[in-house]
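K.L.:
Build me a model from this:
(chains A and B)
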Amino acid sequence: GNSVTQMEGPVTLSEEAFLTINCTYTATGYPSLFWYVQYPGEGLQLLLKATKADDKGSNKGFEATYRKETTSFHLEKGSVQVSDSAVYFCALRSGAGSYQLTFGKGTKLSVIP
Amino acid sequence: EPEVTQTPSHQVTQMGQEVILRCVPISNHLYFYWYRQILGQKVEFLVSFYNNEISEKSEIFDDQFSVERPDGSNFTLKIRSTKLEDSAMYFCASKDSPQWDTQYFGPGTRLTVL
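P.N.:
This is a model prediction of the structure:
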């Protein structure tokens, strides 16, 4: 079946530090890959996505590249801000006629000034 | 910006009681979803709903669960007889077309079963 594994948190970084949150997946076929973010008290918001191998999704300074050879979709940001503090979820949609999302456990990021 | 809303934000119930969790999806959306997250675990898909019927459901979505779109705006999840293990955060999501991949999520309802 489909599964997503992402690095355990929590992650604490100083402002302007480099961020990487690792995500690897197992899926049949050619999944679409997503990063969702959840700010305190809010719902999950789509941060970025990639629908095929070697695609790079980007938004708000965050990037992730769909790597089929390593089945990975790591999230990166060059310089984090306090406002990036949130929980980040990696997810996939298998694409085989299904629209359900399969999520990882989430990684809590805290950015301190 | 339009958003998905959910009520209540927190529901406490006794084991064996029925609960109804309510969601108002974005108004022009046609595809609706429920997910749940037990504390410390992954967000799990429960069910998807389109054109007034269930289009997919997971193994979790057994006979104790049902969904309904009782009017043009609400989308509800009913748990008939709650168990302790139903305690979780329940998220509703909606999407406007089959081609567009983005599901828009609500803030969630925290269900606590005592």
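
K.L.:
make it CA atoms for all contacts and neighbour counts henceforth
P.N.:
Fine.

K.L.:
Correct me if wrong: residue B:3 contacts residue B:106.
P.N.:
Yes - under the criterion of C-alpha atoms under 8 Å, residue B:3 makes contact with residue B:106 at 7.2 Å.

K.L.:
of those two, who's got more company?
P.N.:
Counted by other C-alpha atoms under 10 Å in any protein chain shown, residue B:3 and residue B:106 do not tie: residue B:106 has more neighbours, with 25 against 16.

K.L.:
Can you pull the residues of chain A lying near chain B?
P.N.:
Among all residues of chain A, those adjacent to chain B (criterion: C-alpha under 8 Å from any C-alpha of the partner chain) are A:41-46, A:98-106.

K.L.:
Filter the residues you listed down to the ones in strands?
P.N.:
Among the residues of chain A next to chain B, DSSP state E puts A:44, A:45, A:46, A:101, A:102, A:103 in strands.

K.L.:
Compare those residues and tell me which has the most neighbours.
P.N.:
Across those, neighbour numbers were computed from other C-alpha under 10 Å; residue A:103 holds the maximum, 27 neighbours.

K.L.:
quick one: which helix or strand includes the nearest residue to it once chain neighbours are set aside?
P.N.:
Of all residues not flanking residue A:103 in the chain, residue A:91 sits nearest, at 4.2 Å (C-alpha to C-alpha, 6 or more residues apart in numbering or on different chains). Counting by DSSP states H and E, the element that carries residue A:91 is strand A:86-93.

K.L.:
Now do that strand: everything it contacts.
P.N.:
Contacts of strand A:86-93 from elsewhere in the structure, counted by C-alpha atoms under 8 Å, 6 or more residues apart in numbering or on different chains, are A:4, A:6, A:23, A:25, A:31-40, A:99-110.

K.L.:
Narrow these to those that are buried.
P.N.:
Buried positions within the contacts of strand A:86-93, assessed by neighbour count (16 or more other C-alpha atoms under 10 Å in any protein chain shown), are A:4, A:6, A:23, A:25, A:31-39, A:99-110.

K.L.:
Please list all residues in contact with the closest residue to residue A:98 other than its chain neighbours.
P.N.:
Leaving aside its chain neighbours, residue A:98 sits nearest to residue B:56 (7.7 Å; criterion: C-alpha to C-alpha, 6+ apart). Going by C-alpha under 8 Å, 6+ apart, residue B:56 touches A:98, A:100, B:47, B:48, B:49.
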